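Trainee: here's my sequence, what's the structure:
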Amino acid sequence: MFKMQFFNLLVSLVLAVAVVAKGHKGGNNSTTKAVTDKSLCKEMNQLNKLVKLASNETKLADKTDNNATKIASIQAKASEASTMLATMQSNTTLMATCAVISAARQTEDDCKDMKELTKLVTLSTNETALTEKTKGNATKAEKVKAKAVKAQTKLDALMANGTLMATCAEIKSAKEASRAENTAASASSSGSAVAATSSTSTPSAALALTANAGLISTVLVVAAGMMML
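Mentor: Numbers count the residues shown, from 1 in each chain. Coordinates of the predicted model:
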């Protein structure tokens, strides 16, 4: 039952990503922005931040330089935002989809963190590279090594997650495949000047869909990884 619900949400998410491709610029240089689950989730986050800001007197005063007029304006907007937020949160399907999107975003962030942490740890163990990076400054070199110790601890924790490791590998492969497809599509487009002249919107649409193919693949991979948890 859970897998069927998850699949339905995944389909919704993939379709939302696909719709973004349709918003690519056409011959009139105008962009059509479709309302998608992703954009609704983003809006919910913004509304939530506004409501939280309005309820935190310290942050609100700091944000407005304690200007009473500005504070009142933000609180009024937050009141409306709270109503909108409650309505959106009552949509259980949307909430579940946003959770999937959030998890996918967190997974990609973790993959990026692992890449950066690995670079730092590798640098700290390479005396030649470290000396070049710090220009022979022993104090800076020690700071890098100290940061690398903490980085190693975090890296070990992330790498202990087998699902995350597999997902990061798939995301990397998907991005590489997407870049290869974009390069091929670009070469094909430039080699078909006559066709491009007769239909200027077709090549650009093809490139847009190709660029989004990698993103859709990434979402699918992340979702698959989540189902293994």
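Trainee: against Thr58, how distant is Ile71?
Mentor: Between Ile71 and Thr58 the computed distance is 12 Å (C-beta to C-beta, to the nearest Å). To be clear about C-beta, it is placed using only N, CA and C from the backbone, and glycine gets the same treatment.
Trainee: and stretch 115-127, C-alpha only, in CSV?
Mentor: Output in CSV follows, covering the C-alpha atoms of stretch 115-127 (Å, rounded to 0.1, in the frame of the first residue of the first chain):
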residue,chain,number,x,y,z
LYS,A,115,32.5,15.7,-2.3
GLU,A,116,33.7,18.8,-0.5
LEU,A,117,34.6,17.0,2.6
THR,A,118,36.6,14.4,0.6
LYS,A,119,38.5,17.2,-1.1
LEU,A,120,39.4,18.8,2.3
VAL,A,121,40.6,15.5,3.8
THR,A,122,42.6,14.7,0.7
LEU,A,123,44.2,18.1,0.7
SER,A,124,45.2,17.8,4.4
THR,A,125,47.1,14.5,3.7
ASN,A,126,48.9,15.9,0.7
GLU,A,127,51.8,17.9,2.0
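Trainee: thinking again about what came up before, which one of Ile71 and Thr58 is surrounded by more residues?
Mentor: Ile71 (17 against 7; other C-beta atoms under 10 Å).
Trainee: in this protein, where is pLDDT below threshold?
Mentor: For the chain, residues meeting the criterion pLDDT under 70 lie at 1-35, 190-229.
Trainee: in it, which spans are helices?
Mentor: Defined through DSSP state H, the helices belonging to the chain, from first to last, are 2-22, 37-55, 57-64, 68-89, 92-125, 127-134, 138-159, 162-190, 193-198, 201-227.
Trainee: packing partners for the fourth one?
Mentor: So that's helix 68-89. Here helix 68-89 is seen to pack against helix 37-55, helix 57-64 when contacts are counted using 3 or more C-beta pairs under 8 Å, 6 or more residues apart in numbering; DSSP states H and E.
Trainee: buried deepest among those helices, which one?
Mentor: Scoring those by mean neighbour count under mean count of other C-beta atoms under 10 Å gives helix 37-55 as the most buried, with a mean of 16.
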